[in-house]
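Undergrad: quick one: sequence plus predicted model below, questions after.
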Amino acid sequence: MRYAVVATTGWLLLVDLQTRQVQPLECKRPEYYGISWFRNSSALVLSHSGLNNAELLDVSSYAQSERGWLSMGERNSRHFLSQPHQLLCAPDGRVIATNTGRNVITVFDFKTPNTFQESGISAARWDRLALDPDQIGGDHLNSVFLQQDRLYVLAHGHTKGSRLATLSYPSLELLQLEPLSAKTGLHNIWVTHEGQRISCHSENGSLIDLDVHAPLWDSGTAMYTRGLAASADYVLVGESQKTGRDLRHSSVSGLWLLDRQTWRAADYFCLGPFGAVNEVRLLDVADDAHHGFPFCDMPSLLARDHRFDMTKQRLQSAATAAVVNTIWSAYEPVFGSPAVLEDGQKKAALHQLCLIVMKAADTTRFAFSYVLESASGAHVSAILGYAGQGGDTNMVAILLQPDGQAATLSVWRHDGLEWRCLPHISVRNLPLSGSAQLAASVLKASLRINDSKIITLSSNDLGLSRCDRGLGIRWMGATVMPTETAL
């Protein structure tokens, strides 16, 4: 037993239990939870929520939560899951997934992706559907374990107490529903060959036998247990810090190694600030808490390392930036760190405000191409009269922002204290992408888009002493690049 794969809120990790090396495999498809694979397959099957589950609190957020999906290697299902948790690759070639937000177990087949089978253990159709977060009607189905033709499903239960459901497989008929005493908030269900039923008592930071009152193992620490894997000799348990949901992405991850004979801690692995641990699987040996088939293509995983990919990407970006700096040589960055694309464009994501200004004080005209995202909050502006000394103040912005399938122009002025929209200035049905050209003189400024004159404003309109100073571009949720001035 050497290698384990760990899913956290933001990362998929490969852990070498001998060298203690933590190898980040990827972080591009969060949130990560379920991990499994089919026998003799070289592809991991993963579940992803596609959202920040800290935002799942009420009717509105859950109504928009079906953004989750399953991946098999680079292949993705459509987005049909709500906050999926654990999953299992079944012997019949299908994936058994906990569709937790929808309060059901969903069985999916990548060969027939537009049909699926589902079953729940109660009449509730959502895990949470009350405006009051304390009034929760769902079961929070989070864990599955298949033993021959019996599918064991663990219901976290929120504050109502956890329950263990036994379903027939593949028919998904409910055979038994067992309350688990006063225990609540359980994760993971593992039924050993001897019939022992083991689970993580998450809130208590321990591992329990569902038929015994005392814990099998107690961490002795204020932490959260979730994720369970087992070889013939050892048991691996995932550890997360107890934090609010908003801090799960950056909390410290850990693994406990337990002796299966004595249920005492044999080792502990501090993984780092990769976020809350959601799942743990053993790769190179039969995992008794999984389906018992080792992963058949360890070399492919060992060759993957997000750090190497990031190093290559960063060096390529720096090389690209050095080449395209000539394109931007007439501009001076004021604030913001836009991404530099290969063709020289600079892209600012939503909530990433950027500002550049012309270096030459006597420049009276400039042109730039722009592409606006259609999302709320995106905008791009031609700037006049900038005197903010590095801050987002003291300027006039001729601003374009998305309005449905087009863009709307408005004019804003920051007087050193606040932004104000100039009244009675609005131009609708402008393109979301195009080429903008600004010409300025002492007394006026004129904006054209795609060679069509859009608006001319006087220095009096703008509240500026002169219009031909402090010219630049301010943007967020958009991509821009200087172009040849043709005015």
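TA: Great, that's in hand. Numbers count the residues shown, from 1 in each chain.
Undergrad: flag the shaky bits of the stretch 101-250 of the chain, pLDDT-wise.
TA: Low-confidence regions of the stretch 101-250 of the chain, defined by pLDDT under 70, span residues 129-136, 243-250.
Undergrad: start from the N-terminal end of it and give the strands.
TA: Using DSSP state E, counting those that start in this stretch, the strands found in the stretch 101-250 of the chain span residues 104-108, 116-119, 141-147, 150-155, 163-168, 174-179, 186-191, 197-201, 206-209, 217-218, 223-230, 234-241.
Undergrad: chain center to the fourth one, what's the gap?
TA: Centroid separation for strand 150-155 versus its chain: 28 Å, with Cα atoms, centre = their mean, to the nearest Å.
Undergrad: just the buried residues of that strand, please?
TA: Along strand 150-155, the positions that meet the burial threshold by neighbour count (16 or more other Cβ atoms under 10 Å) are Leu151, Tyr152, Val153, Leu154, Ala155. C-beta here means a position set from N, CA and C on the backbone, and glycine is covered the same way.
Undergrad: mind putting the strands of the stretch 101-250 of the chain into JSON lines with distance to Asp288?
TA: Formatted as JSON lines, the entries for the strands of the stretch 101-250 of the chain read as follows, by distance: least, Cβ to Cβ, whole Å:
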{"stretch": "strand 104-108", "distance to Asp288": "22"}
{"stretch": "strand 116-119", "distance to Asp288": "25"}
{"stretch": "strand 141-147", "distance to Asp288": "10"}
{"stretch": "strand 150-155", "distance to Asp288": "14"}
{"stretch": "strand 163-168", "distance to Asp288": "18"}
{"stretch": "strand 174-179", "distance to Asp288": "22"}
{"stretch": "strand 186-191", "distance to Asp288": "7"}
{"stretch": "strand 197-201", "distance to Asp288": "10"}
{"stretch": "strand 206-209", "distance to Asp288": "14"}
{"stretch": "strand 217-218", "distance to Asp288": "16"}
{"stretch": "strand 223-230", "distance to Asp288": "4"}
{"stretch": "strand 234-241", "distance to Asp288": "9"}
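Undergrad: closest one to Leu471 among those?
TA: Taking Cβ to Cβ as the measure, the strands of the stretch 101-250 of the chain were each checked against Leu471, and strand 234-241 came out nearest at 49.4 Å.
Undergrad: name every strand pairing with the closest one and say which way it goes.
TA: Its sheet considered, strand 234-241 pairs with strand 223-230 (antiparallel), strand 253-259 (antiparallel) by DSSP bridges.
Undergrad: Ser143 bridge partners, please.
TA: With DSSP bridges as the criterion, Ser143 is bridged to Leu154.
Undergrad: any idea which helix or strand comes after the longest helix anywhere in the chain?
TA: When secondary structure is assigned using DSSP state H, the longest helix within the chain turns out to be helix 306-324. Using DSSP states H and E, the helix or strand that directly follows helix 306-324 along the chain is strand 331-335.
Undergrad: need the contact list for Tyr268.
TA: For Tyr268, the set of contacting residues under the criterion of Cβ atoms under 8 Å, 6 or more residues apart in numbering consists of Gly254, Leu255, Trp256, Leu257.
Undergrad: mind putting the strands paired with strand 234-241 into a markdown table with distance to Leu400 and mean neighbour count?
TA: What follows is the strands paired with strand 234-241, written out as a markdown table (distance: least, Cβ to Cβ, whole Å; neighbours: other Cβ atoms under 10 Å):
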| stretch | distance to Leu400 | mean neighbour count |
| --- | --- | --- |
| strand 223-230 | 47 | 25 |
| strand 253-259 | 43 | 21 |
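Undergrad: Thr166 contacts Leu151, correct?
TA: Yes. At 7.3 Å, Thr166 and Leu151 qualify as touching, with contact defined as Cβ atoms under 8 Å.
Undergrad: so what are the domain limits for the protein?
TA: According to automatic domain parsing, the chain comprises the domains 3-309, 327-482.
Undergrad: got these as JSON lines, with distance to Thr320 columns?
TA: Formatted as JSON lines, the entries for the domains of the chain read as follows, by distance: least, Cβ to Cβ, whole Å:
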{"stretch": "domain 3-309", "distance to Thr320": "16"}
{"stretch": "domain 327-482", "distance to Thr320": "6"}
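Undergrad: so which of those comes closest to Ser317?
TA: Relative to Ser317, the nearest member of those by Cβ to Cβ is domain 327-482, separated by 6.0 Å.
Undergrad: is Trp69 located within a strand, as I assumed?
TA: Yes. Counting by DSSP: H, G, I helix; E, B strand; the rest coil, Trp69 is found in a strand.
Undergrad: so it bridges to which residues?
TA: In beta-bridge terms (that is, DSSP bridges), Trp69 pairs with His48.
Undergrad: circling back: so which of the strands of the stretch 101-250 of the chain comes closest to Gly10?
TA: For those, the distance to Gly10 is smallest for strand 234-241, at 12.4 Å, taking Cβ to Cβ.
Undergrad: now the angle from that closest one to strand 197-201?
TA: Per axes from the mean of the first three to the mean of the last three Cα atoms, to 10 degrees, the angle that strand 234-241 makes with strand 197-201 is 20 degrees.
Undergrad: need the contact list for Asp284.
TA: If a contact means Cβ under 8 Å, 6+ apart, then Asp284 has Met1, Arg2, Tyr3, Pro294, Phe295, Met298 as its contacts.
Undergrad: for it, which non-adjacent residue is spatially closest?
TA: For Asp284, ignoring the flanking residues on the chain, the nearest one in space by Cβ to Cβ, 6 or more residues apart in numbering is Tyr3 at 4.8 Å.
Undergrad: from Leu207, how far off is the one you found?
TA: Here Tyr3 is placed at a distance of 22 Å from Leu207 (Cβ to Cβ, to the nearest Å).
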